[in-house]
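Trainee: what's the 3D shape of this:
(one chain, ligands or ions: 1)
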Amino acid sequence: MRVPFTKMHGLGNDFIVLDGRNATLPPIGSAVVAALSDRHTGIGCDQLIVLETSTRADFAMRIFNADGGEVEACGNASRAVALLHGAEAMVETSGGIIHVEPVGHGARIDMGTPHFEWDQIPLAYAMDTLAMPVGWDGLDQPSAVNVGNPHVIFFTDNCDAVPLENLGPQIEHDALFPERINVNVATVNDRNSIRLRVWERGAGITRACGTGACATAIAAMRRGMVEREVEVTLPGGTLTIEWDEHGHIIMTGPATESFRGTFDWGDYA
Ligand SMILES: N[C@H](CCC[C@H](N)C(=O)O)C(=O)O
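Mentor: Next comes the predicted model:
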């Protein structure tokens, strides 16, 4: 079965997008996610994105990490899907309904409101999530925020010096995080700008993480470190994050269509 796809990225965080709104796709099993995301034998991507019809919004977006796990939110893919859809829309995800709006060579996404309670992250037990009483190898007192998906955020003087390839998986799989966690290491440059690197749950280090930028900006705002609109610069580029007067997170940034093609679904079903 030949299936069309669109290869896209948001600041280098890349996706394969399958559009199941007008065509019936076979079930999305971990085998097809692994095959497509493999950069040596497949097309390669950090996440597989599947668009489907919805009875609650204009359409639905399903998000699969490269490890095959289906997750609740993907900021960079939300902008890519907004660009692909080509018009303002409400989009249903398993983390909630978001508002997407194509803007210039990218999009503006209303990611909804963040959550901070320990059991909303979720954590395995109760604790303050603004400055958590935990640490790993010199990184301590992180914040935790759920922006549809779970994030832990460490603030450090030089995020580029953190051995994220070692610490990331340790923290992602720590028993404190029953649904695992996206790991953010951030340096606040000034009240208007943050530098950020991310080890993503189920995908590893990516060039950018939209929900990570949202979670990190909100954590820095809660700590009084930055203004309520801030630029977050990741290895792949910069996003603007605002925590607006309604308590919603507004993310604005670029999105890119790389190429289109078809692949043989074959025996992955
Ligand atoms: N790894 C994330 C999903 C993708 C998020 C990221 N690519 C973004 O742009 O927000 C998770 O497991 O929650």
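
Trainee: can I get the CA coordinates of stretch 194-204 in PDB?
Mentor: Output of stretch 194-204 as PDB, limited to C-alpha atoms (Å, rounded to 0.1, in the frame of the first residue of the first chain):
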ATOM      1  CA  ILE A 194      16.600  32.200  27.300                       C
ATOM      2  CA  ARG A 195      19.000  29.600  25.800                       C
ATOM      3  CA  LEU A 196      17.700  26.000  25.900                       C
ATOM      4  CA  ARG A 197      18.700  22.500  25.100                       C
ATOM      5  CA  VAL A 198      16.300  19.500  25.300                       C
ATOM      6  CA  TRP A 199      16.500  15.800  25.800                       C
ATOM      7  CA  GLU A 200      13.100  14.700  24.600                       C
ATOM      8  CA  ARG A 201      11.100  11.800  26.000                       C
ATOM      9  CA  GLY A 202      11.100   9.100  23.400                       C
ATOM     10  CA  ALA A 203      13.300  10.900  20.900                       C
ATOM     11  CA  GLY A 204      16.500  12.000  22.600                       C
END
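
Trainee: quick check: mean pLDDT of that stretch?
Mentor: If you average the pLDDT over stretch 194-204, you get 98.

Trainee: what residues of it count as buried?
Mentor: If you call a residue buried by 16 or more other Cβ atoms under 10 Å, then stretch 194-204 has these buried ones: 194-204. C-betas here are computed from N, CA, C, even on glycine.

Trainee: now do stretch 261-269
Mentor: 263, 265, 268.

Trainee: how far away from the center of its chain is that stretch?
Mentor: 26 Å (Cα atoms, centre = their mean, to the nearest Å).

Trainee: contacts for that stretch next, please.
Mentor: Residues outside stretch 261-269 that contact it (Cβ atoms under 8 Å, 6 or more residues apart in numbering): 1-5, 7, 26-27, 29, 31-32, 35-36, 43.

Trainee: so can I have JSON lines of these showing secondary structure and distance to H151?
Mentor: Shown next, in JSON lines, are these (DSSP: H, G, I helix; E, B strand; the rest coil; distance: Cβ to Cβ, whole Å):
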{"residue": "M1", "secondary structure": "coil", "distance to H151": "37"}
{"residue": "R2", "secondary structure": "strand", "distance to H151": "37"}
{"residue": "V3", "secondary structure": "strand", "distance to H151": "32"}
{"residue": "P4", "secondary structure": "strand", "distance to H151": "33"}
{"residue": "F5", "secondary structure": "strand", "distance to H151": "28"}
{"residue": "K7", "secondary structure": "strand", "distance to H151": "26"}
{"residue": "P26", "secondary structure": "coil", "distance to H151": "32"}
{"residue": "P27", "secondary structure": "coil", "distance to H151": "29"}
{"residue": "G29", "secondary structure": "coil", "distance to H151": "27"}
{"residue": "A31", "secondary structure": "helix", "distance to H151": "28"}
{"residue": "V32", "secondary structure": "helix", "distance to H151": "27"}
{"residue": "A35", "secondary structure": "helix", "distance to H151": "28"}
{"residue": "L36", "secondary structure": "helix", "distance to H151": "25"}
{"residue": "I43", "secondary structure": "coil", "distance to H151": "27"}
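
Trainee: give me the buried subset of the residues you listed.
Mentor: Judged by 16+ other Cβ under 10 Å, buried ones among the contacts of stretch 261-269: 3, 5, 7, 32, 35-36, 43.

Trainee: format the contacts of stretch 261-269 as CSV; extra columns: pLDDT and distance to the ligand.
Mentor: Below are the contacts of stretch 261-269 laid out as CSV (pLDDT from 0 to 100; distance: Cβ to the nearest ligand atom, whole Å):
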residue, pLDDT, distance to the ligand
M1, 87, 27
R2, 91, 27
V3, 93, 22
P4, 96, 22
F5, 97, 17
K7, 98, 15
P26, 90, 23
P27, 90, 20
G29, 92, 18
A31, 91, 19
V32, 93, 18
A35, 93, 19
L36, 95, 15
I43, 95, 17
